[in-house]
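# just coords:
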């Protein structure tokens, strides 16, 4: 009995801040190619002075990545800063636990492949574009990232809606699941070797014991250093859902902010 209680407590500690750790990474590779009026470059420069959500558009279709991101990459992600802007009045469940990841490098693989874009939501959906585009292998990437944080034994699979790449479910040990829906996004290409994107995702963590909802913004700037090497800065904001009792106090202000540094080296 004592061993079972201890194991249950350990899983509870892992999963209670899952949405702030894993989803941030899961959505890292799922941006769209719709431009926004406001400058994402300026938003990055203003971090951590974020007081509202980014002015983005409705998420449709999948992201067309730059050609230089095609292939398989070994990624190292390091949390270098975390802030609770509304503390001590409002602090998210996983904020304190995430301090263990400060300055700690987490390694995983991701890959991007080439396919032909099909506009499912248009009447002429049977026509395909003549030009291939680079897109993320979402199931592969999501699985690798989740395993890096939770361990292989705790992650069953990541399932992507075949009709909508913006919807994803991560199945976890103990009848737990993380349901993600990307609702808004935008991108910029300031120069040939730089790619900036942002997105907002609604997420639901479901377990036999509880439900937890929130929204996550991920704004990232990728820079190609040379062939096979990319450096990136990623800023993540956690927003409360309308179902949260503190929602009207927080409004559109983020309740947790994280900054990551990423290095990506191509697999030869």
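Everything's here; your move. Please read these numbers as outputs of a predicted model, since none were measured by experiment.
# what's the distance between residue 200 and residue 160?
18 Å (CB to CB, to the nearest Å). (C-beta placed from N, C-alpha, C; glycine too.)
# now do the SS call for residue 72.
strand (DSSP: H, G, I helix; E, B strand; the rest coil).
# beta partners of it?
Assessed by DSSP bridges, residue 72 has beta-bridge partners residue 111.
# any idea how far it is from residue 190?
Noted for residue 72: a distance of 26 Å to residue 190, by CB to CB.
# now swap in residue 174 and tell me
44 Å.
# strands of this protein, start to end?
Assigned by DSSP state E, the chain shows strands spanning 57-58, 71-83, 105-116, 132-136, 155-160, 167-172, 176-191, 194-206, 211-226, 229-240, 256-266.
# low-confidence regions, the protein specifically.
1-38, 116-130, 268 (pLDDT under 70).
# okay, residue 200 and residue 160: which has more neighbours?
Between residue 200 and residue 160, counted using other CB atoms under 10 Å, residue 200 has the larger neighbour count: 22 against 18.
# in stretch 49-67, what counts as buried?
For stretch 49-67, a neighbour-count test (16 or more other CB atoms under 10 Å) marks 50, 53-54, 56, 59-66 as buried.
# now do the same end-to-end measure for it.
With CA to CA, to the nearest Å as the measure, the first residue of stretch 49-67 is 33 Å from its last.
# phi and psi next, for residue 47.
phi -60, psi 140 (degrees, to the nearest 10).
# nearest residue to it in space, please, no chain neighbours.
residue 235 (4.9 Å; CB to CB, 6 or more residues apart in numbering).
# in the sheet, which residues pair with the one you found? Tell me.
Taking DSSP bridges as the rule, residue 235 bridges to residue 219, residue 259.
# dump the residue contacts of it.
44, 47-48, 218-220, 257-260 (CB atoms under 8 Å, 6 or more residues apart in numbering).
# for residue 233, same thing?
44, 220-221, 259-262.
# so how far is residue 156 from it?
Counting by CB to CB, the gap from residue 233 to residue 156 is 32 Å.
# again, but for residue 43
36 Å.
# same check on residue 194?
Distance, residue 194 to residue 156, by CB to CB: 37 Å.
# got it, and residue 149?
Distance of residue 149 to residue 156, given as CB to CB: 15 Å.
# and if you look at residue 171?
Distance from residue 171 to residue 156, by CB to CB: 4 Å.
# now swap in residue 169 and tell me
The value you get for residue 169 to residue 156, if CB to CB is used, is 10 Å.
# in terms of neighbours, single out the busier of those two.
residue 169 (18 against 14).
# show me what contacts the more buried one?
So residue 169 contacts 158-159, 177-180 (CB under 8 Å, 6+ apart).
# pull out the buried residues from those.
Looking at these with 16+ other CB under 10 Å, the buried ones turn out to be 158-159, 178, 180.
# and of those, the nearest to residue 97?
Residue 97 lies nearest to residue 178 out of the buried ones among the contacts of residue 169, by CB to CB, at 16.3 Å.
# surely that closest one and residue 201 touch.
No: contact criterion CB atoms under 8 Å: residue 178 and residue 201 do not qualify, at 10.6 Å.
# grab the nearest non-local neighbour of residue 161.
Leaving aside its sequence neighbours, residue 161 sits nearest to residue 167 (CB to CB, 6+ apart; 4.0 Å).
# for that neighbour, what are its contacts?
Counting by CB under 8 Å, 6+ apart, residue 167 touches 160-161, 180-182.
# put together TSV for those, with distance to residue 114 on each row.
Formatted as TSV, the contacts of residue 167 follow (distance: CB to CB, whole Å):
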residue	distance to residue 114
160	17
161	21
180	24
181	26
182	21
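# between those residues, which is closest to residue 90?
Taking the contacts of residue 167 together and measuring to residue 90 by CB to CB, the closest member is residue 180, at 22.7 Å.
# end to end on stretch 145-165, go ahead and measure it.
End to end - CA to CA - stretch 145-165 spans 17 Å.
# about what we covered before: name the nearest of the contacts of residue 167 relative to residue 78.
After measuring the contacts of residue 167 against residue 78 - CB to CB - the closest member comes out as residue 180, at 22.9 Å.
# before we move on, back to that, out of the strands of the chain, flag the one nearest residue 145.
strand 105-116 (5.1 Å).
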